[in-house]
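1. Turn this into a model:
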Amino acid sequence: MKNFSSLIDKTPVRKLFWKYTIPTIMAMIANSLYVMVDGIFVGRFVGAEGLAAVNISFISFGLLLGTGALIGNGTCAIFSIEKGKQNYDNCKKSLFNGFIVAIILAIILSHVIKLFAHDLNLLQINDNANVINLGDTYINIFRKNSIFTILAVMTPMLIRNDEKPNLATALMIFTSIFNIGLDYIFVAKLGKGIEGAAIATIISQAIISIYGIIYFLSNQSSFKLTISNFILDYKYFFRIIKIGSSSFLMTLYWSIIGILYNKLFDRYGGTTYVAAYTIVNYVSGIYYFISEGTTNGVQPLFSYFYGSQKYFNIRRIDKQATKFLFILYTIYIILIEIFALDIALIFNKEDMALAKATAEGLRLFLIGIFLESYILLGIIYFQSVENCKRSATLSIVNMFVQIPFLFIMPKFFGIKGLWLVYGIANIGLALLIYKYKNLSLKQLTFSLRKKKK
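-> From the prediction side, this is the model:
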């Protein structure tokens, strides 16, 4: 434990940033590529209806992903804060109780999804029975294996916070490649269609989950869990959920907004535009996963420096992350502008109407993606310094800020207006986060100076 403290304190901040973000970004790139390749298999072997089915299922699937993010980020924030304070027993308590929360919530969500998934699918598309049936088949597989989806999200985060960012990355890259191989077998060769794509993903998630549990029960971990650590503490249950709630709300935001986008694209353009929106989400995942890798990478640093009261280092990390995300965004948008149609054709070469709709969506929808990454970075900051009220409030605002734009802009500008909502609606929230984050850092610095006096 002491070695960790001396290492993180003696390493220059710039070097720490790259040490933690590069492995995480590599892992998220691998994850985004497997998601996109998964979409390519579905698009080519099932078609536009398969893509639409995956998209409408994300609302239910997102509940599982959001729960994994809730527990993972909540546990990691406590873990790193307590490590910064050198309260190592509390680190182990947070780990064990994090796994218990995962099991409890997985059981609950499995039943919730069983009750409501079909109705949620119908809410988005009500005139295409085949899409609904495919969506029901897809989400039912994840529902029955919900614990693996939740653990697959949270365990790499926990391993990363145990000062093993490279191991977390290797695990995610391996399972992503493995998933692609399984997609080829189940979807392309065995003709299992959308069911095969879901099975491939679940098997890969199971590998991550089982390895993560073994890791924290072995000497690989600096915080090996033993029987003496198997103590339920409801104080940690509530602390994990309280801190991690904003991560859940961020994922819930995508689910709620996804329902509205799917409904409106279906109304204004039909199944073709719902499928186009699905492809746009696949492609946007490349940038979004990199930005998520960046924010997940800096989270242990935010929390550690908060716990050790080195607030100036938090500001330096935040500035470096923002600069990196903006440079990446500039390159990304230029490439999208040049190759939009070529990218669309990768998913389906036969359907030219789908390709054109997708190219239009890529150019218009992704203009605002930097603002989304900046908002995510801000929410992770407040989460990492245990400002739960602010992070949850911003997540809720982020969830609802697009809704009025979604109903107004298509009426005046049609499909193009619908594509542009994503960027325009986030401007105000990004400015609000900039203001609150600077205010928070000033308050932390002032309180530290006051203590020293």
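2. so which helix or strand takes in the residue nearest in space to the middle of the chain?
-> By C-alpha atoms, centre = their mean, the chain has its centre lying nearest to E292, at 6.3 Å. E292 is located in helix 271-307, with elements delineated by DSSP states H and E.
3. immediately after that helix, which helix or strand?
-> helix 311-347.
4. Compute the inter-axis angle for that following helix and helix 271-307.
-> Counting by axes from the mean of the first three to the mean of the last three C-alpha atoms, to 10 degrees, helix 311-347 points 160 degrees away from the direction of helix 271-307.
5. Tell me which residues of whatever helix or strand comes next after helix 311-347 come out buried.
-> Next in sequence after helix 311-347, counting helices and strands by DSSP H and E, comes helix 352-365. Within helix 352-365, the residues that count as buried by 16 or more other C-beta atoms under 10 Å are L354, A355, K356, A357, T358, A359, E360, G361, L362, R363, L364, F365. C-beta coordinates here come from the backbone N, C-alpha and C atoms, glycine included.
6. Export these as a markdown table, with columns for distance to I214 and pLDDT.
-> Output for the buried residues of helix 352-365, formatted as a markdown table (distance: C-beta to C-beta, whole Å; pLDDT from 0 to 100):
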| residue | distance to I214 | pLDDT |
| --- | --- | --- |
| L354 | 44 | 90 |
| A355 | 45 | 91 |
| K356 | 49 | 92 |
| A357 | 46 | 92 |
| T358 | 42 | 92 |
| A359 | 45 | 93 |
| E360 | 47 | 93 |
| G361 | 42 | 92 |
| L362 | 41 | 93 |
| R363 | 46 | 93 |
| L364 | 46 | 92 |
| F365 | 41 | 90 |
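7. where in this protein is pLDDT low?
-> 1-9, 126, 448-453 (pLDDT under 70).
8. L249 versus D318, what's the distance?
-> 21 Å (C-beta to C-beta, to the nearest Å).
9. nope, S222 is what I meant
-> Distance check for S222 against L249: by C-beta to C-beta, it reads 31 Å.
10. out of those two, which sits in the busier spot?
-> Neighbours were counted for S222 and for L249 using other C-beta atoms under 10 Å; L249 has more, 23 against 14.
11. Work out for me the element the closest residue to F99 other than its chain neighbours sits within.
-> Nearest residue to F99, sequence neighbours excluded (C-beta to C-beta, 6 or more residues apart in numbering): I213, at 7.3 Å. Element membership of I213, judged by DSSP H and E, is helix 193-216.
12. how distant is that helix from the center of its chain?
-> 17 Å (C-alpha atoms, centre = their mean, to the nearest Å).
13. Buried ones in that helix, by neighbour count?
-> For helix 193-216, using 16+ other C-beta under 10 Å, the buried residues are 193-209, 211-212, 215-216.
14. ditto for stretch 215-228
-> Within stretch 215-228, the residues that count as buried by 16+ other C-beta under 10 Å are Y215, F216, S221, F223, L225.
15. Now tabulate these in CSV and tack on distance to K349.
-> As requested, the buried residues of stretch 215-228 are exported to CSV (distance: C-beta to C-beta, whole Å):
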residue, distance to K349
Y215, 42
F216, 46
S221, 47
F223, 50
L225, 50
